[in-house]
Every structure is written in C-alpha cells, then in structure tokens.
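K.L.:
Just need the structure, nothing else, for what follows:
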Amino acid sequence: RKEAVGRFVADATLVLRKILNLMKAIINPRILLFQICLVTHLSCTMLRAQDHFTKNEVLEDMAFLWKSLEEAHFDLYAYTPKEEFQKNYNRVKNTISKDSLSLLEATSIFQKVISKADNGHTEIGFPGKSYGSYAYSGGTLFPLEIALENGKALVRKNWSGNHIPTRAEILSINHIPISEILAEMYTLISAERPYFKNAKIELYSFPRLYWQLYGRQDDFEIKFKSNDITKTQTVAAVGLIEGYEMKRTELFNRERSLQFIGESAYLVTGDFSGDETKFKRFMDSSFAQIKDRKSKNLIVDLRNNGGGHNAFSDYLVSYFADTTFRWNSSYQLKTSEFLKEHARQHYDTTSAFWKEALSHENGEIYNYDFGDYQPQPPSRRFSGKVYVLVNRQSHSQATVTAAQIQDYGFGTIVGEETGEYASLYASMFEFKLPHTQIPVSVSKGKMVRVSGSTKEEGVVPDIYIKDHLLDDKDEILEGLLEKISESD
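P.N.:
Numbers count the residues shown, from 1 in each chain. This next block holds a predicted model:
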C-alpha cells in the first residue's frame, strides 16, 4: 500500500507543480497531503466528476460498504461486537434525511460507519477532493495547530496574528468543549484506541478536521488556559492556502539522510516505500560511510514514518542484525470472492502471493510464510550500539520494524509508545464504492510481532522520552544524545 501511495504522492506532486507553474503560484513542495487534495480536485474538475448524490445512492453505497467489509476483512468484529457495529450503522443511517448529499457529506457518513471497527488499517481517508474544492473557492480554516497530549489539546503553532500563546490549553471553541469536538472527530477516524486516534488527528491536522465537521467559520471564540489563567479570545479564520497550507509542513518525513554527531551516526530512513533499488543504494552508501567513520553508536530514526513494505525495512535491519531474522512470528490472510475479483482486476495474479490467495476457498484463513532474511556479511555490518527512535507517529511497518528490532534485541528502542499496535490487522487492499467512488481500505490479514505477543499495545520504548510534536524542539534525539554522552 505505501509503495502505491508513495508513487501517487510523487506523481501528484509533479502534476501539481506543473499546474501551479502555469498559474504562477508558489507552494511548499513538502505539503504533500495538501498537494494531493489540490491535484485530486483539479483532476476531478477537469473530468467533471459527480460531487452530489441522491439519498438512495448513498444508502446503497453504505450497504455495499458493510457487506464488503464483512466479506473481505480478516476479522471485522475483533474490537467491536457485531451488535454494537450494527447499532452504530443504523444510527448513522437514520441521520440521513436529505434527498441530495455532497461528496463531503457522503464521505463523513461512511467514515462514521467504518471507524466503528476500531481498526487503523480499515478506513476511509481524509476527503481530499472536497478539501481541494474548498481551497480553490477561497476557503478559510481554524488558525491554531494542536497537539494532543496527556488529555489536553495544546497549541503548538499559531498561524494568525492573535495572542494565544503556544502551549496554551484549548478548553472550548465557539462554546463547544474541546472534549466534545474531539469525540466528534473520533467518529471520522479509524484507529484501535483514543491514543492512536489522537495521533491521526495530529497527522491529518486539527484545522482540516474541524472544517470537515463544522464547515466554514469566519470567527472562533476560543476559551483557553495559559499559566493557570483562563481567558477567552475571539480570533479570525486564516486563508486555507496562504494562511495555513503554505506555512506548515506535514508530520510524515519522507526524506532520507545521514549525519554524524560526535561518535554517533544518525540515520533518518524516510518511509519504507518508493524506489526499492534507490533505497538500498542509500543504505549501502550510508553504512559504508558509518564503517569508514568507525562510529560507536547508530541512531535509526523511525519517527513520523508512514510505514511501507518489509522489503525496505528488512534490508535496513540486515545491516545491524547478528542472526537470521523475520519481521513477524505469524502472518495470516483471509481470502474471499470479493478479494479474488479485486485481485484479478488490479494485481499480478501470477505472483506467488496472489496465486496462493486465489487458490484458497472463499472465507478461508491461511498462513503465509515470508521466509527468513539474512544479515549482511560481518565485513559490512554495523557492530556498535544501536538505538531506534519511535513516537506516536511511527505507523504501520515502522511500528512493526521497531518491534522486530526490540524482540530480537538488535537495538534499544527510544522515545514514546507508538500509536499503532505492534501486532495488528493489516495487509490492506483498496476498493471503491460503486456510486460515490470513494476509496475504502480494508485489512485482509493479521500479523503477530516476532515475540508472539498479541497484547493490545504499541511498541513500548526501552528508554522513554516524551515527544512534543509540532514544536521545534527534538526532545527524543536530544535526550538520547545526552544519555549517550553521560554513559561515555
């Protein structure tokens, strides 16, 4: 999935740059989600795609969604009993009263259905096309970037000229308590637990999701607490493009880099997707340099990492593994007629993975063995101390890789618990709803971490250091370097 997303982001970025050059606009190339939204909007506008649907079309797509999830998901009711899922489905269905619904309204309805499964890899993503349309119509947004920590909504960035300080705690917006706003946002977010939902709100960004819930608002009466003093201030919205998107950077870091800090090599992997050959060349070059510098410590940064494919992560791990290894202790898949038909249309069914999926009976659960991975030869391998940085934005394969390293004892995990579970329902595939054409991701597999533990928790670090996301201080890296210095 991440490889496909990576290609889409790259293609979207290229197209957008060409379009914006023609428009003589300037945009930050790091704003990947916003670029996708704009490209999606422009592409669909040029194709004159439908953006309003009848009530009956939405209801039919809603029924199709539930039926498809039941058939294709590995275990749809693993976290939410079927009775509770059905009650939520009927409750959402009964809220549909209009005869015509916009694409944004339909997306939110379907998100409220699928999110009840409480599975982060079974989701309907942020409504990019609607957001792109809103941007080009001169849209505005809530002006404060928020991080969610210890049960508080804290200001991390202030994009307006108001005097609400960073680190202030938001108590309410337009007389709605922040707890109620977050509870509403949770219904749009697929995740196993509130901790992971909060991480996804930070990832998608609070101002974007606030717009999805409440639409355009020109002013916001904000009640906040700072230095134990509670105040109320009315602030104006900021322009979506110039006042918000062009000023910020997405949380996910796709860039790869190597730098040397004293006797430590600091390696930022980027996500595990894209050009596999290029990734391996970067790793080969990096570890050759690390070897030449005779670095005592290796710090691998898996923070703000969207995950990807084990072909990338295993190659990374092979450079400091001291034994043959795997990235899971168990990997199971469920096949179905829905999945088989989808595979025949979209995948190479001559590959071993899909040939096996097609060979099993519908509804059958079977084991898939990825085999062992060999470490690099000792002459190329790093043999010093290895530290791996994680935070709540270490997603999917980044979480799995951190768990793998921890379980084999290949390195010391540093930072905060990951939002994603270390044993999880994943192996996603994507399909579209028939009328609205809204993309849906569903987990067809279950992966158990190397240790065999199925405990419902993320990767818990060996050395805990809190990461205050969205500020400019790197608490985890600086904290680790300080500990290394003290130990030396």
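K.L.:
only C-alpha atoms for contact and neighbour calcs from this point on.
P.N.:
OK.
K.L.:
elements contacting the host helix or strand of residue 114?
P.N.:
Assigned by DSSP states H and E, residue 114 falls within helix 103-114. On a contact count with 3 or more Cα pairs under 8 Å, 6 or more residues apart in numbering; DSSP states H and E, helix 103-114 meets helix 55-72, helix 82-94.
K.L.:
Give me the contact list for it.
P.N.:
51-53, 58, 62, 65-66, 88-89, 92, 122-124, 127, 130, 187-190, 212, 436, 438 (Cα atoms under 8 Å, 6 or more residues apart in numbering).
K.L.:
Pull out the buried residues from those residues.
P.N.:
Using 16 or more other Cα atoms under 10 Å as the burial test, these include 52-53, 58, 62, 65-66, 88-89, 122-124, 127, 130, 187-190, 212, 436, 438 as buried.
K.L.:
So which of the residues you listed are in helices?
P.N.:
58, 62, 65, 66, 88, 89, 130, 212 (DSSP state H).
K.L.:
which ones are touching the third one?
P.N.:
The reference is to residue 65. 110, 433.
K.L.:
Got the confidence number for it?
P.N.:
On the pLDDT scale, residue 65 is placed at 98.
K.L.:
how near is it to residue 364?
P.N.:
Applying Cα to Cα, to the nearest Å, the value for residue 65 to residue 364 is 21 Å.
K.L.:
before we move on, what about the second one?
P.N.:
Residue 62 is 25 Å from residue 364, where distance means Cα to Cα.
K.L.:
And for the last one?
P.N.:
Look at residue 212 and residue 364: by Cα to Cα, they are 39 Å apart.
K.L.:
show me what contacts residue 458?
P.N.:
So residue 458 contacts 399, 417, 418, 419, 420, 421, 422 (Cα under 8 Å, 6+ apart).
K.L.:
ok so, going back, among the helices and strands packed on helix 103-114, which comes closest to residue 315?
P.N.:
Of all the helices and strands packed on helix 103-114, it is helix 55-72 that lies closest to residue 315, at 30.8 Å by Cα to Cα.
K.L.:
Give me the contact list for stretch 408-421.
P.N.:
With contacts defined as Cα under 8 Å, 6+ apart, stretch 408-421 is touched by 120, 192, 195-196, 199, 320-322, 325, 385-396, 399, 402, 405-406, 450, 456-467, 476, 480.
K.L.:
Now with 6 Å, please.
P.N.:
196, 321, 386-392, 394-395, 405, 457-466, 476 (Cα atoms under 6 Å, 6 or more residues apart in numbering).
K.L.:
And for stretch 90-100?
P.N.:
Under Cα under 6 Å, 6+ apart, the answer for stretch 90-100 is 53, 54, 55.
K.L.:
what's the neighbour count on the second one?
P.N.:
If you count neighbours by other Cα atoms under 10 Å, residue 54 ends up with 16.
K.L.:
how much space between residue 337 and residue 80?
P.N.:
Taken as Cα to Cα, the span from residue 337 to residue 80 is 24 Å.
K.L.:
Now the element after the helix or strand containing residue 289, going C-ward?
P.N.:
For residue 289, the enclosing helix or strand under DSSP H and E is helix 276-293. Using DSSP H and E, the helix or strand that follows helix 276-293 in sequence is strand 297-301.
K.L.:
how big is the angle separating that following strand from helix 276-293?
P.N.:
150 degrees (axes from the mean of the first three to the mean of the last three Cα atoms, to 10 degrees).
K.L.:
show me where pLDDT drops low in the stretch 1-150 of the chain?
P.N.:
Residue ranges of the stretch 1-150 of the chain with pLDDT under 70: 1-49.
K.L.:
right, I mislabeled it, should have said the stretch 251-400 of the chain
P.N.:
Answering for the stretch 251-400 of the chain: no residues sit below the bar, that is pLDDT under 70.
K.L.:
all strands for it, in order.
P.N.:
257-261, 264-268, 297-301, 330-334, 365-367, 385-390 (DSSP state E, counting those that start in this stretch).
K.L.:
Buried only: go through the contacts of residue 458 for me.
P.N.:
Neighbour-count burial within the contacts of residue 458 applies to 399, 417, 418, 419, 420, 421, 422; the criterion is 16+ other Cα under 10 Å.
K.L.:
Including secondary structure and distance to residue 349, could the residues you listed go into TSV?
P.N.:
Shown next, in TSV, are the buried ones among the contacts of residue 458 (DSSP: H, G, I helix; E, B strand; the rest coil; distance: Cα to Cα, whole Å):
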residue	secondary structure	distance to residue 349
399	helix	29
417	coil	38
418	coil	34
419	coil	34
420	coil	30
421	coil	30
422	coil	29
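K.L.:
now those residues in a markdown table, with distance to residue 203?
P.N.:
Below are the buried ones among the contacts of residue 458 laid out as a markdown table (distance: Cα to Cα, whole Å):
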| residue | distance to residue 203 |
| --- | --- |
| 399 | 16 |
| 417 | 16 |
| 418 | 13 |
| 419 | 11 |
| 420 | 13 |
| 421 | 17 |
| 422 | 19 |
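K.L.:
In terms of distance to residue 248, which of those residues ranks first?
P.N.:
residue 419 (22.5 Å).
K.L.:
Looking at per-residue confidence, what score does the closest one get?
P.N.:
At residue 419, the pLDDT value in this model is 96.
K.L.:
and the gap between it and residue 119?
P.N.:
Distance of residue 419 to residue 119, given as Cα to Cα: 12 Å.
K.L.:
before we move on, what about residue 188?
P.N.:
12 Å.
K.L.:
what is in contact with those two at once?
P.N.:
By Cα under 6 Å, 6+ apart, no residue touches both residue 188 and residue 119.
K.L.:
so how many other residues sit close to residue 468?
P.N.:
17.
K.L.:
Need the nearest residue in space to it, chain neighbours excluded.
P.N.:
residue 475 (7.2 Å; Cα to Cα, 6 or more residues apart in numbering).
K.L.:
what's the neighbour count on that neighbour?
P.N.:
So residue 475, with other Cα under 10 Å, has 15 neighbours.
K.L.:
ditto for residue 228
P.N.:
Neighbour tally, residue 228, other Cα under 10 Å: 9.
K.L.:
before we move on, what about residue 487?
P.N.:
For residue 487, using other Cα under 10 Å, the count is 7.
K.L.:
now swap in residue 281 and tell me
P.N.:
Neighbours of residue 281 (other Cα under 10 Å): 10.
K.L.:
Can you give me the distance of it to residue 452?
P.N.:
32 Å.
K.L.:
Kindly report the same for residue 109.
P.N.:
Going from residue 109 to residue 452 by Cα to Cα gives 37 Å.
K.L.:
quick one: residue 325 and residue 375 touch, right?
P.N.:
No: applying Cα atoms under 6 Å, one finds residue 325 not in contact with residue 375, separated by 7.7 Å.
K.L.:
hang on, the earlier thing: okay, residue 109 and residue 452: which has more neighbours?
P.N.:
Per other Cα under 10 Å, whichever of residue 109 and residue 452 has more neighbours is residue 109, with 21 against 13.
K.L.:
circling back to that earlier point, so the residue nearest to residue 468 versus residue 389, what's the distance?
P.N.:
11 Å.
K.L.:
thinking again about what came up before, may I see the buried residues of the helix holding residue 289?
P.N.:
So for helix 276-293, counting by 16+ other Cα under 10 Å, buried means 279, 280, 282, 283, 284, 286, 287, 289, 290, 291.
K.L.:
and if you look at stretch 54-73?
P.N.:
Applying 16+ other Cα under 10 Å to stretch 54-73 flags 54-55, 57-59, 61-62, 65-66, 68-69, 71-73 as buried.
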